[in-house]
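Colleague: A predicted structure for the sequence below; I have some questions about it.
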Amino acid sequence: MKENERIFEVDLYPPIQKHFVKLGYEVYGEVRDCDIAAVKDDELIIVEMKLRLNMDLLVQATKRQKMTNLVYIAIPRPTHSLRSKKWRDLCHLVRRLELGLILVSFRRGIKRVDIQIDPVPFDRKRSKQSNKKKRELLIREVAGRHGDYNIGGSTGTKILTAYKESCIKIGCYLDKFGPLSPKALREMGTGEKTLSILNKNYYGWFERVQRGIYSINDTGKKDLNNYSKQIEHYLKELG
């Protein structure tokens, strides 16, 4: 097949058939609505083919799992990078569904089959362990928030994080009571990261007026006007 020549779904069949025949399987095309059925002794492999990895292909393949655990999806090898986040996310979904993935290359007249993923049971325990830190960060973020101020599904809008809430809380108390020490702020409930927030001054709201004493500047006071609900809540906390 020449470069830039259009690829059809049927072009995937010959190299996949040849691959499984080499492994000792009897291979047949279009068997009871399955694109490819490969049989060796009591083992059955089903392969569903499409020109791209999409929802229709995944649904079709998961239906075939009613007949066998060994189900592959097969597509032409994508032209984009296989290291992209989108591709890695798609591969995670394929593994999560316990499907296999076959990529077929058509380059310089050579057709090559690459078994990208084998259809094996998904290890949920291992997956959770490898993402333990992400889980802890998420739970810590939820614990650090004082209210639900973000709308789920929002795009292009600023998210009110736990860190931002802490900054608003500190700014609120400095604006209300004047310059304070980190210790005094912590006693008012601003949290253990108070000193770090004041020193880093990420939003440029705070100023050190003398050793160990901080105040809120004009920039901070102006920005606080955007968070009236949060400020009302923090002042109520103080009684």
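Modeller: Perfect, I can see it now.
Colleague: which SS state does the spatially closest residue to residue 115 that is not a sequence neighbour fall under?
Modeller: Spatial nearest neighbour of residue 115, chain neighbours left out: residue 102 (5.9 Å); criterion: Cβ to Cβ, 6 or more residues apart in numbering. To be clear about C-beta, it is placed using only N, CA and C from the backbone, and glycine gets the same treatment. In three-state terms, and counting by DSSP: H, G, I helix; E, B strand; the rest coil, residue 102 is strand.
Colleague: who touches residue 102 in this structure?
Modeller: 16, 47, 72-75, 113-116 (Cβ atoms under 8 Å, 6 or more residues apart in numbering).
Colleague: equivalent analysis for residue 162, please.
Modeller: Applying Cβ under 8 Å, 6+ apart to residue 162 gives the contacts 140-145.
Colleague: and it, how close does it get to residue 230?
Modeller: Distance check for residue 162 against residue 230: by Cβ to Cβ, to the nearest Å, it reads 12 Å.
Colleague: try residue 97
Modeller: As for residue 97, its distance to residue 230 is 42 Å (criterion: Cβ to Cβ).
Colleague: same question, residue 98
Modeller: Counting by Cβ to Cβ - residue 98 and residue 230 are separated by 45 Å.
Colleague: same question, residue 82
Modeller: Per Cβ to Cβ, residue 82 is found 44 Å from residue 230.
Colleague: more neighbours: these two, which one.
Modeller: residue 230 (20 against 12; other Cβ atoms under 10 Å).
Colleague: excluding its backbone neighbours, what's nearest the more buried one?
Modeller: residue 168 (5.1 Å).
Colleague: domain ranges for the chain?
Modeller: As assigned by the TED database, the chain contains the domains 9-123, 162-234.
Colleague: quick one: average confidence on the longest one?
Modeller: Averaged across domain 9-123, pLDDT comes to 94.
Colleague: gap between it and the chain center?
Modeller: How far domain 9-123 lies from its chain's middle: 24 Å, per Cα atoms, centre = their mean, to the nearest Å.
Colleague: one more: the shortest one?
Modeller: Shown here is domain 162-234, whose average C-alpha point lies 33 Å from the average C-alpha point of the whole chain (Cα atoms, centre = their mean).
Colleague: for residue 205, see how far away the residue nearest to residue 230 is.
Modeller: From residue 168 across to residue 205, the span is 9 Å (Cβ to Cβ).
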